[in-house]
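1. have a look; sequence and predicted model below, questions after that.
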Amino acid sequence: MRVAIVLNTSWNIWNFRAGLVRALQAAGHEVLAIAPPDDYSARLETELGCRFVPILMENKGTNPAKDAQLTRRFYKIYKREKPDVVLHYTIKPNIYGTLAARLAGVPSINNVSGLGTVFLIRNVVSRVALGLYRVAFRFPRRVFFQNADDRELFIAHGLVRAEIAGLLPGSGVDTARFRPAAAFMRNEPFVFLMVARVLYEKGIQEYFEAAKIVRQAAPGTRVQLLGALDEAGGVGVARAVFESWLEAGDIEYLGRSDDVAGYLHRADCVVLPSYREGTPKTLLEAAACGKPLVTTDVPGCRDTVQDGQNGYLCQVRSGPDLAAKMLQVLHLGAPALQQMGHASRALAETRFDEKLVLDQYLAAVAAVPGPKK
């Protein structure tokens, strides 16, 4: 079968769906990657063996005229490329790609990998988005959710039928690629790491507040941030604001990197104070690397931490509480820190292994009627 994977960036396919691409190819399927072009588009072809199909898509904002044009662009691509099934991810492909697939007569399988600002900020745009979800999600064969809270929320709001709403352990994590270091070592000074784009909804402001408190309590502690600036759509931190925060000297900004595992291995504890997630990939990768975690007690994030066992849950939007939980980890002795890391690794292996996700996707694709002879 010809399977199309559709996301809002090529980077997203490369970073989060490479395992799915390989699994589909190993099962004998041809894979099309449909996304706006970026620095990772060529790698989808040369390194993953997909055929890349570019589409113009604005990721932020809701403009009815532009979104109608996006639906038309999806429709033209689906009619031209003739996929047997389309796998949609992220908000705009989930909505407009699904409507286009319906018009083109192509079955679709959707994935709600996080609610973004739709449920975080209640305004006209969010109400429109909910209405569009309600219309578009009448048509997929299957809609996968990455945590039970999101699934139940969509069902309760009448956005999706319970019988087509599946549940996945996030995007899963490749536990063979992300593994603990050969030998445990507690850094001196202690190293905290946050891996996320520089967005307010990731808790970036609270992380800066917590870093100041932690470094006042434990001078010399290293607090690091790995992730790209994202000023689009007004949800990211403006560069000038971000640079002014950095001037305080409490956080080491590492920029962006494809070697996330290397940075995870060099950290003692991984932090993500997000306001809401599907299931955060970075925490799954950190858990697989055997790292203690500190994250917020919100949907998606809380699924990655058994409080007191492999890390701590903190209050959302609270820099002081985040700092308190970070200091709890910092004050652990090496044996207790190592035990937390073992608990994280066990959780990654038993609940979040990527194979659990891939098996459900392969089954869902196999259930779609094949191409007509």
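-> That came through, no problem. Since the model is a prediction, treat every value here as computed from it, not as a measurement.

2. what's the domain layout of this protein?
-> 2-172+354-366, 191-351 (automatic domain parsing).

3. pLDDT weak spots in the stretch 251-373 of the chain?
-> Counting by pLDDT under 70, the stretch 251-373 of the chain shows low-confidence ranges at 372-373.

4. mind listing the strands for it?
-> 252-253, 269-272, 293-296, 311-314 (DSSP state E, counting those that start in this stretch).

5. so for Tyr361, which of the ones you listed sits nearest?
-> Proximity to Tyr361 (C-beta to C-beta) singles out strand 269-272 among those, at 25.0 Å. For glycine as for every other residue, the C-beta is placed from the backbone atoms N, C-alpha and C.

6. same for the closest one, what does it pack against?
-> With contacts taken as 3 or more C-beta pairs under 8 Å, 6 or more residues apart in numbering; DSSP states H and E, strand 269-272 sits against strand 191-195, helix 281-288, strand 293-296, helix 319-330.

7. residues contacting the second one, please?
-> Contact partners of helix 281-288, identified using C-beta atoms under 8 Å, 6 or more residues apart in numbering, comprise 15-16, 170-175, 178-179, 193, 195-196, 260-261, 264, 267, 270, 272, 293, 295, 301, 304-305, 310, 344-345, 347-349, 352.

8. 6 Å instead?
-> With contact meaning C-beta atoms under 6 Å, 6 or more residues apart in numbering, helix 281-288 is reached by 170-171, 173, 175, 178, 195, 264, 270, 272, 293, 304, 344, 347-348, 352.

9. re the thing from before, among the domains of the chain, which is nearest Phe184?
-> With C-beta to C-beta, the closest approach to Phe184 among the domains of the chain belongs to domain 191-351: 4.9 Å.

10. any idea how far the closest one is from the middle of the chain?
-> A distance of 15 Å separates the centroid of the chain from that of domain 191-351, by C-alpha atoms, centre = their mean, to the nearest Å.

11. how long is that domain end to end?
-> One end of domain 191-351 sits 27 Å from the other (C-alpha to C-alpha, to the nearest Å).

12. related to what we said a few turns ago, can I get the domains of the chain in CSV with distance to Met185 and mean neighbour count?
-> Converted to CSV, the domains of the chain look like this (distance: least, C-beta to C-beta, whole Å; neighbours: other C-beta atoms under 10 Å):
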stretch, distance to Met185, mean neighbour count
domain 2-172+354-366, 27, 19
domain 191-351, 9, 20
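
13. roughly how far apart are Lys365 and Gln25?
-> Check again: residue 365 is Val, not Lys. Computed as C-beta to C-beta, to the nearest Å, the Val365 to Gln25 distance reads 12 Å.

14. now do Val298
-> Applying C-beta to C-beta to Val298 and Gln25 gives a distance of 35 Å.

15. please apply the same query to Arg317.
-> Distance, Arg317 to Gln25, by C-beta to C-beta: 42 Å.

16. cool, Glu285 as well?
-> For Glu285 relative to Gln25 (C-beta to C-beta), the value is 23 Å.

17. Tyr96 too?
-> 27 Å.

18. how about Asp39?
-> 23 Å.

19. before we move on, what about Arg141?
-> 21 Å.

20. quick revisit: next, format the helices and strands packed on strand 269-272 as TSV and append distance to Gly131.
-> Below are the helices and strands packed on strand 269-272 laid out as TSV (distance: least, C-beta to C-beta, whole Å):
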stretch	distance to Gly131
strand 191-195	34
helix 281-288	29
strand 293-296	28
helix 319-330	35
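
21. looking at those, which is nearest to His88?
-> When the helices and strands packed on strand 269-272 are compared by C-beta to C-beta, helix 281-288 sits nearest His88, at 18.0 Å.

22. give me the contact list for stretch 209-226.
-> The contact list for stretch 209-226, computed with C-beta under 6 Å, 6+ apart, reads 189-195, 250-254, 263, 319, 322-323, 326-327, 330.

23. related to what we said a few turns ago, okay, the strands of the stretch 251-373 of the chain in TSV with distance to His29 next?
-> What follows is those, written out as TSV (distance: least, C-beta to C-beta, whole Å):
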stretch	distance to His29
strand 252-253	41
strand 269-272	33
strand 293-296	35
strand 311-314	38
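
24. of all those, which one is nearest Arg2?
-> Closest approach to Arg2 among these (C-beta to C-beta): strand 269-272, 36.4 Å.

25. just the C-alphas of the closest one, formatted as CSV.
-> Provided in CSV are the C-alpha atoms of strand 269-272 (Å, rounded to 0.1, in the frame of the first residue of the first chain):
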residue,chain,number,x,y,z
CYS,A,269,18.2,15.4,35.8
VAL,A,270,15.8,16.4,32.9
VAL,A,271,13.1,19.0,33.4
LEU,A,272,10.0,19.9,31.5
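
26. list the strands paired with that strand, with their directions.
-> strand 191-195 (parallel), strand 293-296 (parallel) (DSSP bridges).
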